[in-house]
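Visitor: Provided below are the primary sequence and the corresponding predicted coordinates.
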Amino acid sequence: MEKIVHKLAHVMEHIQPYVAYKVGPVEITDTVVTTWIVMIVLFAVIFFFTRGLSEKPTTKRQHIIEMIVGFIVDLIDSILGKQGRKYLPLIGTLFIFILFLNLSWFIPTLKPPTMDLSTTAAFAVTTIIIVQLIGIKKKGIVGYVKHFFEPVPFLFPLNVLEELVKPFSLALRLFGNMFGEEMVVTILFIILPLFLPVPIQVLGVLMGTIQAMVFTMLPVIYIASFIHGH
Amino acid sequence: MAGLAFIGVGLAIGLAALGSALGQGNASRGAMEGIARQPESSGDIRTTLILALAFMEALTLFSFVIAILLWTKIG
């Protein structure tokens, strides 16, 4: 019992990001290293799947890639309609990249970079900035400023707060899910290493996919609120 | 005193989980009834349900983050 408590106390230190290399004054954490590995894997996979595309799918590879693209297109179409198709590169990249990051623990010794708040915060802030820029482009500067004073000018602080909270909730949702799931697996692994963590890990695959989907759906909904109004 | 702090951490995550579990249960029940009544609209309902669940889940996760912050403070 004493041993388990001692181990539990060190769980946090194992799960938190650590400095892998130091280049001059810049500290490179394992999060960055893992992200680069995932990017290389992603590039190789996409490169393999997009060779020899034809108008009518003939190869198995093309069927698989068309299924994935079709899924994302359906997702955008169901919320934004046909005019949302031009956001496909942004939304699709978010989905595929976050999905691969979430499932990067398939490669032994790697842990998902989305377990680090820095990664999810970077995703959330850049996404929200792009969404705001799309909003400005759609409504014009005047219309964009005006939407803060709707429906009554009295609600201005609340509207500003709503926009400011978006990146926080996006970042914390992804971080909390991945971190919590990994922590449960680690603690179960300490208590009983055999078989016990497996069901939670199966759940983790499901969770990683759903979280990637949610993280891509929310920007679409934010864009939709700019296009259609509240 | 440290014992009380641990109880506080447990309550923070436990009460939040209780609330969002009730909410998620309600939402899932509504969605299932909707699908049972109109199976052809199951696609739309599923998408909306997942989004709604994610919003409710976020509340628990906020308190999870707060609980971890508290826990590391006790140390």
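Guide: Alright, I've got the coordinates. Numbering: from 1, shown residues only, chains lettered A, B, ... in the order given.

Visitor: CA atoms for contacts and neighbours, from now on please.
Guide: Fine.

Visitor: B:A67: helix or strand, and which one exactly?
Guide: Under DSSP states H and E, the secondary-structure element containing B:A67 is helix B:42-74.

Visitor: per-residue confidence for residue 58?
Guide: I went with chain A, as the question did not name one. What the model reports as pLDDT for A:T58 is 78.

Visitor: was after chain B, sorry
Guide: On the pLDDT scale, B:A58 is placed at 83.

Visitor: pull out the buried positions in the helix holding B:A67.
Guide: For helix B:42-74, the neighbour count (16 or more other Cα atoms under 10 Å in any protein chain shown) marks B:42, B:45, B:47, B:49-65, B:67, B:70 as buried.

Visitor: from the contact counts, what lies against that helix?
Guide: The contact analysis (3 or more Cα pairs under 8 Å, 6 or more residues apart in numbering or on different chains; DSSP states H and E) places helix B:42-74 against helix A:156-191, helix A:197-228, helix B:2-37.

Visitor: angle of it against helix B:2-37?
Guide: An angle of 180 degrees separates the directions of helix B:42-74 and helix B:2-37 when computed by axes from the mean of the first three to the mean of the last three Cα atoms, to 10 degrees.

Visitor: what angle sits between helix B:42-74 and helix A:156-191?
Guide: With the same axes, to 10 degrees as the basis, helix B:42-74 and helix A:156-191 are set at 80 degrees to each other.

Visitor: just the residues of chain A that are near chain B, which are they?
Guide: A:169, A:172-173, A:176-177, A:180, A:214, A:217 (Cα under 8 Å from any Cα of the partner chain).

Visitor: switch those residues over to JSON lines; also include distance to A:L188, pLDDT and neighbour count.
Guide: Below are those laid out as JSON lines (distance: Cα to Cα, whole Å; pLDDT from 0 to 100; neighbours: other Cα atoms under 10 Å in any protein chain shown):
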{"residue": "A:S169", "distance to A:L188": "28", "pLDDT": "88", "neighbour count": "18"}
{"residue": "A:L172", "distance to A:L188": "23", "pLDDT": "89", "neighbour count": "20"}
{"residue": "A:R173", "distance to A:L188": "23", "pLDDT": "89", "neighbour count": "25"}
{"residue": "A:G176", "distance to A:L188": "18", "pLDDT": "87", "neighbour count": "24"}
{"residue": "A:N177", "distance to A:L188": "17", "pLDDT": "87", "neighbour count": "22"}
{"residue": "A:G180", "distance to A:L188": "12", "pLDDT": "84", "neighbour count": "17"}
{"residue": "A:V214", "distance to A:L188": "27", "pLDDT": "89", "neighbour count": "23"}
{"residue": "A:M217", "distance to A:L188": "32", "pLDDT": "89", "neighbour count": "21"}
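
Visitor: coming back round to it: closest to A:Q83 out of the helices and strands packed on helix B:42-74?
Guide: Taking Cα to Cα, helix A:197-228 is the member of the helices and strands packed on helix B:42-74 nearest to A:Q83, at 10.0 Å.

Visitor: show me what counts as buried in the closest one.
Guide: Residues A:197, A:200, A:204-205, A:207-220, A:222-224, A:226-227 are the ones in helix A:197-228 that count as buried (16+ other Cα under 10 Å).

Visitor: chain center to it: distance?
Guide: 7 Å (Cα atoms, centre = their mean, to the nearest Å).

Visitor: which helices and strands does it pack with?
Guide: Contacts defined by 3+ Cα pairs under 8 Å, 6+ apart place helix A:197-228 against helix A:60-80, helix A:88-102, helix A:117-146, helix A:156-191, helix B:42-74.

Visitor: and those: which comes nearest A:L110?
Guide: If you check each of the helices and strands packed on helix A:197-228 against A:L110 by Cα to Cα, helix A:88-102 wins as the nearest, at 10.3 Å.

Visitor: residues contacting the most centrally placed residue in chain A?
Guide: Closest to where the C-alpha atoms of chain A average out (Cα atoms, centre = their mean) is A:I98, at 4.0 Å. Applying Cα atoms under 8 Å, 6 or more residues apart in numbering or on different chains, we find A:I98 in contact with A:114, A:212.
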